[in-house]
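# predicted coordinates and the sequence they were generated for:
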Amino acid sequence: MQITYLVIISLITYILGAFNKLKWTKIPNKYIPLQNVFIGLISGFICYFFKVETNLLNSLVLCLSATMSAGGIADLTKMKD
């Protein structure tokens, strides 16, 4: 089941990222955490409604923590010494 969460989060991120590239040229970096929360919420609801997770709170918390931690890891890789 864990891989299903990752696939759903990846697909939602890809779809929103592609839409973002087509619609807007560049979103300021200060809105990236808000975008991650939005992706986590959408992914959490999708996981719940497709019965990947039977508890809505668990689904939302898992997807939100996954998207926020992925954003943090991406920021860590961009940090300079």
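Arrived safely.
# could you list the low-confidence segments of this protein?
Applying pLDDT under 70 to the chain flags residues 1-2, 24-26, 74-76, 79-81.
# which parts of it are helices?
2-23, 32-49, 56-78 (DSSP state H).
# adding mean neighbour count, write the ones you listed out as CSV.
For glycine as for every other residue, the C-beta is placed from the backbone atoms N, C-alpha and C. Below are the helices of the chain laid out as CSV (neighbours: other Cβ atoms under 10 Å):
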stretch, mean neighbour count
helix 2-23, 13
helix 32-49, 18
helix 56-78, 15
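# and Thr13, what does it touch?
By Cβ atoms under 8 Å, 6 or more residues apart in numbering, the contact list for Thr13 reads Ile39, Thr67.
# what's the spacing between it and Ile42?
Thr13 sits 10 Å away from Ile42, taking Cβ to Cβ, to the nearest Å as the criterion.
# now Leu22
Leu22 is 18 Å from Ile42, where distance means Cβ to Cβ.
# next one: phi and psi at Pro28?
Pro28 has phi and psi values of phi -60, psi 150 when expressed as degrees, to the nearest 10.
# please name the residues that touch it.
Taking Cβ under 8 Å, 6+ apart, one finds nothing in contact with Pro28.
# now Cys63
Residues counted as contacts of Cys63 (Cβ under 8 Å, 6+ apart) are Tyr5, Ile8, Ile9, Gly40, Leu41, Ser43, Gly44, Cys47.
# including distance to Ala18, could those residues go into JSON lines?
Shown next, in JSON lines, are these (distance: Cβ to Cβ, whole Å):
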{"residue": "Tyr5", "distance to Ala18": "21"}
{"residue": "Ile8", "distance to Ala18": "16"}
{"residue": "Ile9", "distance to Ala18": "15"}
{"residue": "Gly40", "distance to Ala18": "18"}
{"residue": "Leu41", "distance to Ala18": "19"}
{"residue": "Ser43", "distance to Ala18": "16"}
{"residue": "Gly44", "distance to Ala18": "21"}
{"residue": "Cys47", "distance to Ala18": "21"}
